[in-house]
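Student: Output the structure for:
(one chain, ligands or ions: 2)
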Amino acid sequence: MERVKVLVTGGAGYIGSHTVVELYAAGYQPVIVDNLSNSSLDVLEGIEKITGVSPLFEKLDCTDIDAMRNLFQRDKGIRHAIHFAAYKAVGESVEHPLIYYRNNLVSLLNLVEVMEEQGPSSIVFSSSCTVYGQPDPEFLPVSEDAPLQPAQSPYGKTKQMCESILEDTIKSGNSKLNMISLRYFNPVGAHPSAHIGELPRGVPQNLLPFVTQTAAGLRKELSVFGNDYNTPDGSCIRDYIYVCDLAKAHVAAIDRLQSMHERGTLEYFNLGTGRGLSVLEVLDEFMKANSLEVPFKIAPRRKGDIEQVWADPSKANQVLGWKADTPLDQIMKSAWRWEKRIRNL
Ligand code: NAD
Ligand code: WQD
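Tutor: Ligands and ions are numbered 1, 2, ... in the order given. Here you go, the predicted model:
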């Protein structure tokens, strides 16, 4: 049987590349488009090493509506898309807000517009737990019903605005689209093969890449941003989700969208483990899993950090039939294996 095509915008990126692998394993035909602004063609080789198949790829900028329209006109078989393409650095978005608004909003607008032209079709959108900000204690763990909070950064605002664009499209009552917005918590780790993983530019802002780079000797020590929060060990708490588990949730979302008969739907799912881990616990788990010592110091709080947030993933567990269940030590080992591979250690 012919494989059902799934367009994967930003498919050469961190989460996109892992999702391409899982789509392929599940019997879909991923079609990657990426402008390579935060990724490289090497990723395609990594995907090929895992799947045994050279992925379909086109270098394309999703902000270019003519290029997007042209893609769909050439390939009328594409009825499903997963939209990863976006800029994602919170700090950079504060410095260059317009670049973030243009890239993240125009990319999504173009995709929605051309897919409406295609006729009945579906979109999975990469959203973020950032839309919840710091939930009040009664909303922890965070379910999809928790109130949204004003975003702290232009990046966060683009995620909220993109969700509003999807919502208003559906509210119009004449949309032919079915859509799912996936709110990721903190994606971590790499494919167990170490052929694909996360490639942060410059000094990593995210915790685990900083830990692995410190373990590899690229950084002197990890700064733990604050140990005076109102948490059991004083450091911040997050829900760290393994990137391969996250990738599988996208397959589950596409499966669901494919089997839908009604048109004009939008659903939200929180994608996390349901387990909150503190910064110090993450560090400890990483060191234990890899039998390593990672130098660290306690540093002042980082501006804008949220004290604690973790997911209630029960809706995704029940409705998508998906669960993030990779053991923590495997996740930590995968992150280190990947760092060693890219540093030739
Ligand atoms: P990434 O930067 O590794 O991947 C994004 C990919 O999109 C890159 O390959 C980049 O080259 C491409 N891209 C960017 N703008 C484009 C454009 N206009 N046209 C075509 N390609 C474009 O990021 P990621 O971590 O894989 O994140 C994927 C998505 O998930 C993003 O939308 C991000 O906001 C969202 N997200 C990420 C996290 C996280 O912590 N990594 C958490 C929540 C949500
Ligand atoms: C995790 C914890 C830090 C680095 C960001 C975005 C969010 C989402 C995911 C996309 C925090 C602490 C970190 C370090 C540290 N992205 N830390 N030392 O802040 O939860 O979320 O990425 O949507 O929008 O804001 O993730 O990995 O930066 O930090 O102590 O060197 O690790 O203070 O408590 P965060 P993170």
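
Student: What degree of burial does the one residue in the stretch 1-150 of the chain that gets nearest to ligand 1 show, as a neighbour count?
Tutor: Residue of the stretch 1-150 of the chain nearest ligand 1, by CB to the nearest ligand atom: Gly13 (2.0 Å). (Glycine included, C-beta is placed from N, CA and C.) Using other CB atoms under 10 Å, Gly13 has 26 other residues around it.

Student: Please verify my assumption that it contacts Phe84.
Tutor: Yes. Gly13 lies in contact with Phe84 (CB atoms under 8 Å); the separation is 5.8 Å.

Student: Which residue ranges of the stretch 51-200 of the chain form helices?
Tutor: Using DSSP state H, counting those that start in this stretch, the helices of the stretch 51-200 of the chain run over 65-74, 90-95, 97-101, 107-118, 154-171.

Student: buried residues in the fourth one?
Tutor: Read that as helix 107-118. Ser107, Leu108, Leu109, Asn110, Leu111, Val112, Val114, Met115, Gln118 (16 or more other CB atoms under 10 Å).

Student: ok, now the first one?
Tutor: Burial within helix 65-74, assessed by neighbour count using 16+ other CB under 10 Å, is assigned to Ile65, Ala67, Met68, Leu71, Phe72.

Student: nearest to Asn186, of these?
Tutor: Taking CB to CB as the measure, Met68 is the one of these closest to Asn186, at 30.2 Å.

Student: right, and the closest one touches Met115 too?
Tutor: No. Contact criterion CB under 8 Å: Met68 and Met115 do not qualify, at 9.2 Å.

Student: Keeping just the C-alphas, turn stretch 323-330 into PDB.
Tutor: What follows is stretch 323-330, C-alpha atoms only, in PDB (Å, rounded to 0.1, in the frame of the first residue of the first chain):
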ATOM      1  CA  LYS A 323       2.500   7.700  26.900                       C
ATOM      2  CA  ALA A 324       6.000   9.000  27.600                       C
ATOM      3  CA  ASP A 325       7.500   6.000  29.300                       C
ATOM      4  CA  THR A 326      11.200   5.900  28.500                       C
ATOM      5  CA  PRO A 327      13.200   5.400  31.700                       C
ATOM      6  CA  LEU A 328      15.200   8.400  32.900                       C
ATOM      7  CA  ASP A 329      18.500   6.700  32.800                       C
ATOM      8  CA  GLN A 330      18.000   5.800  29.100                       C
END
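
Student: Touching it from outside, list them.
Tutor: 189, 192, 241-242, 244-246, 249, 271-274, 277, 285, 288-289, 313, 316-317 (CB atoms under 8 Å, 6 or more residues apart in numbering).

Student: Next step: those restricted to strands.
Tutor: Here DSSP state E is the test, and the contacts of stretch 323-330 give Ile241, Tyr242, Leu271, Leu277 as lying in strands.

Student: Beta-bridge partners for the third one, please?
Tutor: When bridges are taken as DSSP bridges, the partners of Leu271 come out as Tyr184.

Student: what's the neighbour count on it?
Tutor: The local packing of Leu271 (other CB under 10 Å) involves 28 other residues.

Student: Enumerate every residue touching it.
Tutor: Leu182, Arg183, Tyr184, Phe185, Ile241, Leu246, Ala249, Ala311, Pro313, Ala316, Ala324.

Student: run the last query once more with 6 Å
Tutor: Contact partners of Leu271, counting by CB atoms under 6 Å, 6 or more residues apart in numbering, are Leu182, Tyr184, Leu246, Ala249, Ala316.

Student: Run a quick neighbour tally on the nearest residue to Gly133 once chain neighbours are set aside.
Tutor: Among residues not flanking Gly133 along the chain, Gln149 sits closest, at 2.9 Å (CB to CB, 6 or more residues apart in numbering). Neighbourhood size, Gln149 [other CB under 10 Å]: 16.

Student: quick one: Gln149 and Pro135 touch, right?
Tutor: No. At 7.6 Å, Gln149 does not count as touching Pro135 under the criterion of CB atoms under 6 Å.

Student: just to revisit the earlier point, who wins on neighbours among the ones in strands among the contacts of stretch 323-330?
Tutor: Leu271 (28 neighbours).

Student: Could you measure from that residue over to Pro147?
Tutor: Leu271 sits 19 Å away from Pro147, going by CB to CB, to the nearest Å.

Student: Same question for Ala216.
Tutor: Separation of Ala216 from Pro147 (CB to CB) stands at 41 Å.
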